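Trainee: Need coordinates for the below:
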Amino acid sequence: MASNVAVPFWRSAGMTYITYSNICANMVRNCLKEPYRSEALTREKVHFSVSKWKDGKPEKPVIRSDTPED
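Mentor: Predicted coordinates:
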């Protein structure tokens with residue numbers, strides 16, 4: 001039984017919704033004028049911690065960032 005349900009264009013393009021939304025957010029940030037652009041760019045930085053588990057217990061967490069290291 002074939003389905004005629006419309007597929008979201010981001011999915012038909014082979015993207016996840018997160019990838020699609022990140023592309024859209026970057027486009028919006030790049031269209032902003034100063035000082036709003038620099039303010040928005042500072043808010044996009046994300047920091048998170050990663051903990052590996054061993055023998056059912058978490059090891060020491062490592063702080064990570066999604067921004068490239070300079």
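Trainee: could I have stretch 22-38 exported to PDB, CA atoms only?
Mentor: This file holds the C-alpha atoms of stretch 22-38, laid out as PDB (Å, rounded to 0.1, in the frame of the first residue of the first chain):
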ATOM      1  CA  ASN A  22      21.000  25.300  11.800                       C
ATOM      2  CA  ILE A  23      21.300  26.300   8.100                       C
ATOM      3  CA  CYS A  24      18.300  28.600   8.500                       C
ATOM      4  CA  ALA A  25      19.500  30.100  11.700                       C
ATOM      5  CA  ASN A  26      22.900  30.900  10.100                       C
ATOM      6  CA  MET A  27      21.200  32.600   7.200                       C
ATOM      7  CA  VAL A  28      19.100  34.700   9.500                       C
ATOM      8  CA  ARG A  29      22.200  35.700  11.600                       C
ATOM      9  CA  ASN A  30      24.100  36.700   8.500                       C
ATOM     10  CA  CYS A  31      21.300  38.900   7.400                       C
ATOM     11  CA  LEU A  32      21.200  40.900  10.600                       C
ATOM     12  CA  LYS A  33      22.800  44.400  10.800                       C
ATOM     13  CA  GLU A  34      25.200  45.400  13.600                       C
ATOM     14  CA  PRO A  35      25.000  45.400  16.600                       C
ATOM     15  CA  TYR A  36      22.400  42.600  16.400                       C
ATOM     16  CA  ARG A  37      24.600  40.400  14.200                       C
ATOM     17  CA  SER A  38      27.500  40.200  16.700                       C
END
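Trainee: Now do the buried residues in that stretch.
Mentor: Arg29 (16 or more other C-beta atoms under 10 Å). C-beta coordinates here come from the backbone N, C-alpha and C atoms, glycine included.
Trainee: if I look at Val50, how far off is Arg37?
Mentor: Between Val50 and Arg37 the computed distance is 30 Å (C-beta to C-beta, to the nearest Å).
Trainee: could you pull out the strands for this structure?
Mentor: With DSSP state E, the ranges of strands along the chain come out as 47-50, 53-54, 57-58, 62-65.
Trainee: how far is the last one from where the chain is centred?
Mentor: When you say that, I think you mean strand 62-65. 15 Å (C-alpha atoms, centre = their mean, to the nearest Å).
Trainee: Where does pLDDT dip in this structure?
Mentor: Across the chain, residues meeting the criterion (pLDDT under 70) sit at 1-5, 66-70.
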